[in-house]
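> model this:
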Amino acid sequence: MRTTTNLPEETAAPPTLVSTAEIAASDPPIVSKPAPLKTAPLAGKAASPTDWEKVRADFPILSRIVHGKPLVYLDSTATAQKPQVVLDTMENYYRTTNANIHRGVYELSEVATDRYEKARARIGNFINAKSSREIIYTRNTTESINLVTHTWGRANLHEGDVVLLTKMEHHSNLVPWQMLAAERGIKLRYLDLDPQGMLVLDDLEAKLQGVKLTSITQMSNVLGTINPVEEIIAAAHQAGALVMLDAAQSVPHLPVDVQALDADFLAFSGHKMCGPTGIGILYGKRHLLEEMPPFLGGGDMISIVTLEGFTPNQLPWKFEAGTPAIAEAIGLGAAVDYLSSIGMDNVHSHEQELTSYAINSMANMPGVTLYGPDAAHKGGVISFAIEGAHPHDIATILDSEGICIRAGHHCCQPLMQHLDVPALARASFYIYTRKEDIDALVEGIKKVQAIFG
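The predicted model follows:
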């Protein structure tokens with residue numbers, strides 16, 4: 001395998017990296033003992049405001065002027081902005097290395113393949129997977145969950161079997177199971193919420209009776225609730241059930257260790273964690289993935305094809321039909337390196353500080369209702385309502401001030417029904433958010449109230 005040493009993003013890669021040739025030749029786990037993630041000197045301690053200003057400077061879009069006002073981006077739960085290093089990495093790939101992967105024997109293809117597979121290894125290290133074979137590239141969290149429902153679900157769930165969900169799930173973790181229920185006659189059961197937006201677990205043992213799989217969000221995209229998934233996974237396994245985690249909101253914001261959690265499946269998206277759109281990850285325990293049938297058919301997911309049938313490829317390519325999102329995978333690898341350089345403990349601490357500041361700033365505003373638990377039990381998400389103002393009007397007025405928030409049902413219509421609201425406004429924070437952004441939000445809310453007062 002020929003390699004190149006003059007690509008800037010390669011120099012920052014963790015030491016446990018593998019080429020495609022090494023993957024194809026290896027039967028043991030590729031990442032048998034994931035290497036420690038490289039972190040900047042900030043790792044292990046709280047970053048100072050000056051440090052976070054340096055982080056913010058890495059995001060070129062934040063210098064934009066919108067409607068004559070400085071951009072205040074408070075919609076990171078929907079998608080995160082991209083640091084310059086991710087933009088440069090993807091541009092570098094297209095400018096110097098663009099080629100299709102895996103089957104080319106010329107240098108461009110081999111280098112592209114090497115970068116693509118090294119990104120997979122770094123992503124596996126990021127969530128502490130045992131093996132790179134357990135890291136499946138998909139388009140996004142939604143496709144990752146659908147992959148499990150279409151493969152594991154169809155192979156293992158039959159009429160009368162039960163899948164346990166919660167009332168706070170995103171549509172991507174509801175609709176695929178509802179489709180399977182309509183097709184197979186399986187039953188769906190739901191964990192309830194308390195008035196603070198926390199899962200009710202007093203009856204967890206009873207709810208798990210007869211359950212084959214439980215699929216839950218680790219962190220709510222509406223309430224921000226960080227669910228006690230360690231407790232739920234342990235109880236589910238005790239009851240003989242597997243566990244799928246929707247980690248779209250947790251992996252970008254919290255330290256996530258799939259081995260410590262003992263999750264059977266876990267899904268997340270690149271675009272919510274400083275990476276590009278169009279790339280996501282399904283993690284699955286290797287023995288489960290080995291037993292599952294392929295998801296899509298076509299090139300790359302096969303080993304042998306005859307007119308009578310086919311033999312699937314080995315993991316992870318068994319689930320990766322067709323030409324993949326090569327630049328996006330490499331970009332996600334750069335995003336993982338970037339977040340690792342900050343340290344996920346620091347990311348979480350920063351967001352908790354911002355969330356606490358936002359709650360304290362907004363909780364006593366007349367006519368404003370906040371939804372979800374306190375800052376100690378949630379991520380950087382504040383969903384709110386303003387008396388007399390529809391969330392879409394709130395978002396439109398805030399946009400005139402250069403403030404970006406999300407308004408609507410947030411792909412959680414059953415949760416809206418549970419909360420007895422048609423929609424909510426939502427502000428969400430990330431590594432580039434400042435307290436000044438929250439101050440601007442508060443002033444924007446006052447403008448909304450003045451207009452509708």
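> quick one, strands of the stretch 151-300 of the chain?
Applying DSSP state E, counting those that start in this stretch to the stretch 151-300 of the chain gives strands spanning 162-166, 187-191, 211-217, 242-246, 265-269, 280-284.
> let me see the mean pLDDT of the fifth one.
Model confidence over strand 265-269 averages 98 on the pLDDT scale.
> ok, residues contacting that strand?
Strand 265-269 has contacts (C-beta atoms under 8 Å, 6 or more residues apart in numbering) with 127, 138, 140-141, 144-145, 148, 152, 242-248, 250-252, 256, 258, 279-285, 288. C-beta: built from backbone N, CA, C; applies to glycine.
> now the strands of the stretch 151-300 of the chain as CSV including distance to Asp88 and mean neighbour count?
Output for those, formatted as CSV (distance: least, C-beta to C-beta, whole Å; neighbours: other C-beta atoms under 10 Å):
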stretch, distance to Asp88, mean neighbour count
strand 162-166, 40, 23
strand 187-191, 43, 16
strand 211-217, 33, 24
strand 242-246, 31, 25
strand 265-269, 21, 28
strand 280-284, 22, 27
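> out of those, nearest to His350?
strand 265-269 (19.5 Å; C-beta to C-beta).
> strand partners of that closest one, parallel vs antiparallel please.
Counting by DSSP bridges, the strands paired with strand 265-269 are strand 242-246 (parallel), strand 280-284 (antiparallel).
> tell me what angle it forms with strand 211-217.
On the basis of axes from the mean of the first three to the mean of the last three C-alpha atoms, to 10 degrees, strand 265-269 is oriented at 20 degrees to strand 211-217.
> just the CA coordinates of strand 265-269, formatted as CSV?
Written as CSV, here are the backbone C-alpha positions of strand 265-269 (Å, rounded to 0.1, in the frame of the first residue of the first chain):
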residue,chain,number,x,y,z
PHE,A,265,-26.2,-0.6,18.6
LEU,A,266,-25.5,3.2,18.5
ALA,A,267,-26.2,5.7,15.8
PHE,A,268,-25.0,9.3,15.2
SER,A,269,-24.6,11.9,12.5
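> ok now that strand, how far from the chain's centre?
Strand 265-269 has its C-alpha centroid displaced from the chain centroid by 6 Å (C-alpha atoms, centre = their mean, to the nearest Å).
> list the beta-bridge partners for Leu164.
According to DSSP bridges, beta-bridge pairing links Leu164 with Arg189, Thr214.
> what comes up buried for the helix or strand hosting Lys446?
Element membership for Lys446 (DSSP states H and E) is helix 435-452. Neighbour counts using 16 or more other C-beta atoms under 10 Å place Asp437, Ile438, Ala440, Leu441, Gly444, Ile445, Val448, Gln449 of helix 435-452 among the buried residues.
> need the contact list for the fourth one.
Right, Leu441. Val72, Leu74, Ala358, Met362, Leu398, Ile403, Ile405, Ala427.
> distance of it relative to Pro324?
39 Å (C-beta to C-beta, to the nearest Å).
> can you check the second one too?
Using C-beta to C-beta, Ile438 is found at 39 Å from Pro324.
> redo the strands paired with strand 265-269 as a markdown table? Include distance to Thr166 and mean pLDDT.
Formatted as a markdown table, these follow (distance: least, C-beta to C-beta, whole Å; pLDDT from 0 to 100):
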| stretch | distance to Thr166 | mean pLDDT |
| --- | --- | --- |
| strand 242-246 | 10 | 98 |
| strand 280-284 | 20 | 98 |
